[in-house]
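**Q** give me the fold of what follows.
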Amino acid sequence: MSDGNLFSRREFVRIAGLGLLSAAAGACAPKVTKPPVRPYRYFPLVNVSEDRVIRQAVGLRPYRPSGFVVRRERIGTKDVVHNYGHGGGGLTLSWGTSHIAVKEAAPLGHRSCAVLGCGAVGLSAARLLQMEGYAVTIYAKDLPPHTTSNVAAGQWSPFTVFDEEMITPAFYQEFLRAARLSFGYYRNMIGSKYGVRVAENFYFGNDPVTLPSVIHDLPEIYGKPKTLVPGEYPFDEPSCKTVKTMLIDTPVYLNAVMADFREAGGRIIVRDFRDIAELMSLPEPLIMNCTGLGSYFLFKDRELEPIKGQLTVLLPQPEIDYITLMRRDGLYMIPRSDGIMLGGSHQYGDWTLSPDPVVTEHIFTGQSRFWKDLPVV
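**A** Below is the predicted model:
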């Protein structure tokens, strides 16, 4: 590595913070033929080291190649509205699909409802039902902080929701509608109470870096992506594009929504249902199914499959206020109040909840390489 490259990488953040980059360039060369590249912004940097690892986290995304399910049906003596199968987009899409699900329930005329599940989807559905005047009881095997939603890193991103070759045009429009609806709800929750804030997302990769197609299909949410050039960022990557979206601090968010639900008179009962017959014993005439992967067993949806995701969690760094995503190898960094989330992985069909040592090594090695030689300031 040349001295010039070491300077640009090791000194970038300090110089950017002092506003001295152009002066340094002028001092090194008596004649400047083009204006120096100025830093795009101030980049506090993640300190990736083994002694800062808190834990490994594993979650199973409830994935359906043909997309999520929002529909109603009559089962025995109950009306059931399904709201599950969001893949990697459960946290992101939860308010949108729950909005649609509550509208599905409205013509049935019931005033009390049992919600199955207490993750992001179940909680949003329960709150929206309360807002429509329903008496709501949540039945769930696991509560926060022990839900799959707690493992979600927190980027507002409707990704890994379906297989593009398996969906219909009508479903894709419903997906975009759910994303827009959900974004609107989250936008009204920005602030410290719910742990929701706007964050800049930096996508790195080969030149030119490509972005997920949904970003281009939701311009009213993501805006126009900006293209950055080396010198505007301190990372040793050939290409970068940036967009802004929301960052949801999931532990804060889930606790706050659950508190809202209880304060509005909602009840939560810890219970695991083994079969449909047990559901028929519930006193509520209406059931909203937000069980995620649980629908594979309870409602026999064999299209559902898990996508195992794994995170390496570092000690918190409150100064980190942006997200990085490496398109080449699928790695990302997302900051939360309880730690820096380093991901990611997508292991289709893997039902295990134990960390995979190979994945752990892949994440840590890749992240270490990305952040190497960058001074923490």
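**Q** thought Leu123 was touching Asn255?
**A** No: no contact is recorded between Leu123 and Asn255 when judged using Cβ atoms under 8 Å, the distance being 10.0 Å. Every residue, glycine included, has its C-beta placed from N, CA and C.
**Q** of the two, which one has the most company?
**A** Between Leu123 and Asn255, counted using other Cβ atoms under 10 Å, Leu123 has the larger neighbour count: 31 against 15.
**Q** you'd agree that one is in a helix?
**A** Yes: remark: Leu123 belongs to a helix, assigned using DSSP: H, G, I helix; E, B strand; the rest coil.
**Q** list the contacts for it?
**A** For Leu123, the contact set (Cβ atoms under 8 Å, 6 or more residues apart in numbering) comprises 94, 138, 254, 257-258, 261.
**Q** so which of those residues wins on neighbours?
**A** Counting neighbours by other Cβ under 10 Å, Ser94 leads the contacts of Leu123 with 28 neighbours.
**Q** what residues does the longest helix seen in the chain touch?
**A** The residue-count maximum for a helix in the chain (DSSP state H) belongs to helix 169-187. The contact list for helix 169-187, computed with Cβ under 8 Å, 6+ apart, reads 66-68, 70, 92-97, 99-100, 124, 156, 158, 161-162, 167, 196, 214, 217-218, 220-221, 246, 248.
**Q** what's the average pLDDT for it?
**A** The average of the pLDDT scores along helix 169-187 is 99.
**Q** pretty sure Met189 contacts Trp156?
**A** No: contact criterion Cβ under 8 Å: Met189 and Trp156 do not qualify, at 11.1 Å.
**Q** look at those two and report which has more neighbours.
**A** Between Met189 and Trp156, counted using other Cβ under 10 Å, Trp156 has the larger neighbour count: 24 against 17.
**Q** so what's the nearest residue in space to that one that is not next to it in sequence up against?
**A** Nearest non-adjacent residue to Trp156, counting by Cβ to Cβ, 6 or more residues apart in numbering: Met246, 4.0 Å away. Taking Cβ under 8 Å, 6+ apart, we find Met246 in contact with 156, 183, 186-187, 190, 196-199.
**Q** what domains does the record give for this structure?
**A** 3-60+196-245+307-371, 65-193+249-303 (automatic domain parsing).
**Q** out of those domains, name the one with the poorest average pLDDT.
**A** domain 3-60+196-245+307-371 (a mean of 86).
**Q** endpoints of stretch 198-213, how far apart?
**A** 21 Å (Cα to Cα, to the nearest Å).
**Q** meant to ask about stretch 186-199
**A** Span of stretch 186-199 from end to end, Cα to Cα: 13 Å.
**Q** with stretch 104-112 instead?
**A** End-to-end distance of stretch 104-112: 15 Å, with Cα to Cα as the criterion.
**Q** buried stuff in that stretch?
**A** The neighbour-count check on stretch 104-112 (16 or more other Cβ atoms under 10 Å) flags 104-105, 110 as buried.
**Q** extract the CA atoms of stretch 314-332 and return them as CSV.
**A** Taking Å, rounded to 0.1, in the frame of the first residue of the first chain, the C-alpha atoms of stretch 314-332 are listed here in CSV:
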residue,chain,number,x,y,z
LEU,A,314,-20.4,-5.7,19.0
LEU,A,315,-20.4,-3.3,22.0
PRO,A,316,-22.5,-0.2,21.3
GLN,A,317,-21.1,2.9,19.6
PRO,A,318,-23.7,5.7,20.0
GLU,A,319,-21.8,7.9,17.5
ILE,A,320,-22.4,5.5,14.6
ASP,A,321,-25.4,7.0,12.8
TYR,A,322,-25.4,5.3,9.4
ILE,A,323,-25.7,1.9,7.7
THR,A,324,-23.2,0.1,5.5
LEU,A,325,-24.1,-2.6,3.0
MET,A,326,-21.6,-4.6,0.9
ARG,A,327,-23.4,-5.8,-2.2
ARG,A,328,-20.6,-8.3,-3.2
ASP,A,329,-20.8,-10.5,-0.2
GLY,A,330,-24.0,-9.5,1.5
LEU,A,331,-22.4,-8.1,4.6
TYR,A,332,-23.9,-5.1,6.5
